[in-house]
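[1] Mind looking at a prediction? Sequence and model below.
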Amino acid sequence: MSTPVTIRVWSDFVCPWCYVGLSEVEKLRKEYDVQVDWRPFFLRPETPPEGLPLPEYVRERMKDPNNPLKVRAAQAGLTMVHRDIIPSTRRAHEATEFARDAGKLDPFHAAVLRRYWTEGQNLWEFETLRGAAQDAGVDPDALQRALEEGRYTKRVEESVREAQGLGVNAVPTFVLGERFALQGAQEYDIFRQAMQRLGATPRAKQP
């Protein structure tokens, strides 16, 4: 039996390309035996709890119907709402570490992205994170207590520093099998080529 290929992904919930990249990861899960390790990163570490306005240049770019992000999101079947305020993601990352310890990292991470990008919810609000916890089968009361106590603050900060020490300066950044790093939500063929170079064998197709 082959050992799963570890895919470590540094991402931030307010990064739209991280939402698009999630769909590529799901394709990899279907084709190969992989283990995904979501890691935190602060795209805008200075963001206060009340959030910051979306930069004007980003607003202008998003008005273009041929914007690459819009095209890729449509290809992936993703609905993405327009955001004017970018919230702090510190609380969401800490909540994700709680979900990791509960064995629900993947479903919780996906639920937070969906609630933010498709449903337009505020990542800083406990209501959003409690909802994601319920989606993923995580105890929302225990999660909120852990966040209020700051139980995961240090772990998230250390993980972000580790990313910076490794030279991660943009998200999403994917490291496949500890050997190949891919930056940005690359097309799926690029991921497949990396898996082939790692010697990974595709799953047997079901009859």
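    Thanks, I have the structure now. Numbers count the residues shown, from 1 in each chain.

[2] Would you mind extracting the C-alpha trace of the longest helix anywhere in the chain into CSV?
    Among the segments of the chain that qualify as a helix by DSSP state H, the longest is helix 16-31. What follows is helix 16-31, C-alpha atoms only, in CSV (Å, rounded to 0.1, in the frame of the first residue of the first chain):
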residue,chain,number,x,y,z
PRO,A,16,-9.9,34.5,-3.4
TRP,A,17,-7.3,32.4,-5.1
CYS,A,18,-7.2,30.2,-2.1
TYR,A,19,-10.9,29.4,-2.6
VAL,A,20,-10.2,28.6,-6.3
GLY,A,21,-7.2,26.5,-5.2
LEU,A,22,-9.4,24.5,-2.9
SER,A,23,-11.2,23.0,-6.0
GLU,A,24,-7.8,21.9,-7.4
VAL,A,25,-7.0,20.2,-4.1
GLU,A,26,-10.3,18.3,-4.3
LYS,A,27,-9.4,17.1,-7.8
LEU,A,28,-6.1,15.8,-6.4
ARG,A,29,-7.9,14.0,-3.7
LYS,A,30,-10.1,12.2,-6.2
GLU,A,31,-7.1,11.2,-8.5
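
[3] can you list contacts of the following helix or strand past that helix?
    The C-terminal neighbour of helix 16-31 among helices and strands, as given by DSSP states H and E, is strand 34-40. For strand 34-40, contacts defined as Cβ atoms under 8 Å, 6 or more residues apart in numbering pick out 4-12, 25, 28-29, 89, 93, 96-97, 105-106, 109, 156, 159-160, 162-163, 200. Placement of C-beta: from N, CA and C, glycine included.

[4] now do stretch 142-158
    40, 90-91, 93-95, 97-99, 126, 129-130, 133.

[5] go with 10 Å
    With contacts defined as Cβ atoms under 10 Å, 6 or more residues apart in numbering, stretch 142-158 is touched by 39-42, 45, 89-102, 108, 126-127, 129-130, 132-134, 136, 139, 159.

[6] what about it, start to end distance?
    Stretch 142-158 has an end-to-end distance of 23 Å (Cα to Cα, to the nearest Å).

[7] Next: stretch 31-47.
    Across stretch 31-47, the terminal residues are separated by 38 Å (Cα to Cα).

[8] What residues of it count as buried?
    Residues of stretch 31-47 classed as buried under the neighbour-count rule (16 or more other Cβ atoms under 10 Å) are 32, 34, 36, 38-42, 47.

[9] for stretch 16-34, same thing?
    Applying a neighbour-count criterion of 16+ other Cβ under 10 Å, one finds 16-25, 28, 32, 34 buried in stretch 16-34.

[10] how far does it sit from the chain's center?
    Relative to its parent chain, stretch 16-34 has a centroid offset of 10 Å by Cα atoms, centre = their mean, to the nearest Å.
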